[in-house]
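here are the coordinates; sequence isn't available:
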């Protein structure tokens, strides 16, 4: 099966990736096919693993203040700042709808 | 017209009372200079990793136990993805699959018909409690069409308490949240001050006809006080009923409560249903908690959170404190509610009782009517009262020994509230408020009165 245009549009909107051209989409398809090989393994009765860290101990830190107080260092990275605030656009600017943006996905 | 059944569920975010943040060592403090309490991890700089704060885990376990939850000995962390300027990582670390505590309950009380004399107890089920990160703060500057972002709050530990839709109106929701607030403050797991954003409530509201399936629900956010919570919920219930009765439909949307207009409005920035693409947090192994039985022998005990140890050290919850006040002092249940509702008032009451011969049932009136109304008039918390518990006890002793009358006692209390440092006895002497006990003196006074009103006396004698 191929990935539908709806799914591709949905992904571009959610993750702000840009598949850019048919080559990008084909790369995605190949990645999915590669991962699908996992389905060939019989996992009946096996508890799913979601982290290779599952047997590790989760380290617990003491509740001490050890960081912070580096406003200038952090703000140095900001393109725009006002007093000591980071500046962002007034709200999320959603990706325009499929019909309204220039993307090769339209042609599909 | 068929009756409507409103259904109200709540999602409450309580900021954990800790020195440092959930996954980093930057400080937790309200109203600090912008971006001064931000570590590299909080700012989501590459190469940083989350490190879990033990105190936050303990706070969540305490809260779970106080709410009769099952504590999950193994819980997991997940990433919830969405874009917003105050969420630098583009995701929030939360516990979506297996939270730290599940299946609890909270009992709360309501006055029927607004009369304090009849209280009824209700229960709301607690679906779960999860640990998660708070986001930073956005300040919207509409004039310059920009948002200013302060990350001081980003990464502060939160306990999200999810209450099942067992409530039916604003009053119930407010009472449940009030009781939760008292419990959190008693435990110390959160200071739960709504005005400082330490306790935030989102309400899920829907209506349906009895016997029919639940209606479409809306989520109401931006509720900043207990008072507004009841208003917002009741407004939304009304709005939905009116909409449905006029043939409209309810959208599954998020609405904000506008406190100035007293209504809910659709929230901006809503781009349809969100897909958060939950995934396990790859940088954190499962959180394992122990109890007395499962405690491993050789583990470094700084690395161990022992549920039983925490359970043994839980303080008395408000419900228990109230029952004890009623039993020990013979006061009414509604009195115990008022005593616990005001910070320090129950301790003040008990201190007065200890120092006076007056019965607690009489003392309570002086506390709840007189003292409390003075405190409210002067907008003072109990700990800043100019009248100490021993001063009040001295006054009540004078009354109890019948050295002054009840109305004289009220006058003395008014004087004491001026905070001039005089003792009750000094005021009584100064204003000559002593009750006259001497029979002869009383006779002389009465005779003088009669002598001075000859005409009236003749009228009375003649009938």
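Nice, thanks for sending it over. All values reported here derive from a predicted model rather than from experimental measurement.

now stretch B:148-164: mean pLDDT?
Averaging pLDDT along stretch B:148-164 gives 98.

Now name the helix or strand holding residue B:234.
helix B:226-245 (DSSP states H and E).

same question, residue B:138
strand B:137-141.

the inter-axis angle of the following helix or strand past that strand versus strand B:137-141?
Using DSSP H and E, the helix or strand that follows strand B:137-141 in sequence is strand B:146-150. Relative orientation of strand B:146-150 and strand B:137-141, computed by axes from the mean of the first three to the mean of the last three Cα atoms, to 10 degrees: 150 degrees.

what are the pairing partners of strand B:146-150, and which direction each?
When sheet partners are counted by DSSP bridges, strand B:146-150 sits next to strand A:85-88 (antiparallel), strand B:137-141 (antiparallel).

buried ones in the strand with the most length in chain B?
In chain B, taking DSSP state E as the definition, the longest strand is strand B:119-133. Within strand B:119-133, the residues that count as buried by 16 or more other Cβ atoms under 10 Å in any protein chain shown are B:122, B:124-133. The C-beta positions use only the backbone N, C-alpha and C, and glycine is treated the same way.

How about stretch B:164-183?
Buried positions in stretch B:164-183, judged by neighbour count with 16+ other Cβ under 10 Å: B:164-168, B:170-183.

and the most centrally placed residue in chain B, what element?
In chain B, the C-alpha nearest the mean C-alpha coordinate belongs to residue B:181, at 3.1 Å (Cα atoms, centre = their mean). Assigned by DSSP H and E, residue B:181 belongs to helix B:170-187.

ok, residues contacting whatever helix or strand comes next after that helix?
Once helix B:170-187 ends, the next helix or strand along the chain (criterion: DSSP H and E) is strand B:199-208. By Cβ atoms under 8 Å, 6 or more residues apart in numbering or on different chains, the surrounding residues in contact with strand B:199-208 are B:4-15, B:165, B:173, B:177, B:181, B:184, B:190, B:192-194, B:214-221, B:223, B:229, B:232-233, B:236-237, B:240-241, B:244, B:250.

on that earlier part again, can you tell me how far the residue nearest to the centre of chain B sits from residue B:12?
9 Å (Cβ to Cβ, to the nearest Å).

got it, and residue B:20?
23 Å.

Pull out the buried residues from the top helix by length along chain A.
Ranked by residue count, the top helix of chain A under DSSP state H comes out as helix A:22-36. Neighbour counts over helix A:22-36 (16+ other Cβ under 10 Å) mark A:25, A:28 as buried.

about what we covered before: just the buried subset of the contacts of strand B:199-208, please.
B:4, B:6-15, B:165, B:173, B:177, B:181, B:184, B:190, B:192, B:194, B:215, B:217-221, B:223, B:229, B:232-233, B:236-237, B:240-241, B:244, B:250.

where does the stretch 151-300 of chain B dip in pLDDT?
B:268-273 (pLDDT under 70).

ditto for chain A
Short version for chain A, where the test is pLDDT under 70: A:107-108.

all strands of it, in order?
Taking DSSP E as the test, the strands found in chain A are A:60-61, A:81-82, A:85-88.

Sheet-wise, list the partners of the second one with their directions.
Just to be clear, that refers to strand A:81-82. strand A:85-88 (antiparallel).

what's in contact with the strand it pairs with?
Contacts for strand A:85-88 (Cβ under 8 Å, 6+ apart): A:75, A:78, A:80-81, B:34-35, B:85, B:138-139, B:146-151.

which one of those sits closest to residue B:254?
residue B:138 (16.1 Å; Cβ to Cβ).

OK, contacts around the most centrally placed residue in chain A?
Centroid check for chain A by Cα atoms, centre = their mean gives residue A:15 as the closest residue, at 4.9 Å. Residue A:15 makes contact with B:81, B:277, according to Cβ under 8 Å, 6+ apart.

So it versus residue A:8, what's the distance?
11 Å.

Which residue in chain A shows the largest distance from the geometric centre?
residue A:64 (32.0 Å).

That one is in contact with residue B:25, isn't it?
Yes: under the criterion of Cβ atoms under 8 Å, residue A:64 makes contact with residue B:25 at 6.6 Å.

Bridge partners for residue B:74, pull those for me.
With DSSP bridges as the rule, residue B:74 is bridged to residue B:288.

neighbours of the nearest residue to residue B:25 once chain neighbours are set aside, just the number please.
Leaving aside its chain neighbours, residue B:25 sits nearest to residue A:66 (3.5 Å; criterion: Cβ to Cβ, 6 or more residues apart in numbering or on different chains). Residue neighbour count, defined by other Cβ atoms under 10 Å in any protein chain shown, stands at 13 for residue A:66.

Please identify which helix or strand holds the closest residue in space to residue B:101 that isn't next to it in sequence.
Once flanking residues are discounted, residue B:101 sits nearest to residue B:64: 3.0 Å by Cβ to Cβ, 6+ apart. Following DSSP H and E, the helix or strand that holds residue B:64 is helix B:54-66.

From the chain's centroid, how far away is whichever helix or strand comes after that helix?
As assigned by DSSP H and E, the chain's next helix or strand after helix B:54-66 is strand B:70-71. In terms of Cα atoms, centre = their mean, to the nearest Å, the centre of strand B:70-71 is set 23 Å apart from its chain centre.

returning to what we had before: just give me the closest of the buried residues of strand B:119-133 to chain A.
residue B:131 (11.9 Å; Cβ to the nearest Cβ).

dump the residue contacts of that closest one.
B:22, B:56-57, B:60, B:75, B:77, B:94-95, B:99-100, B:157-159.
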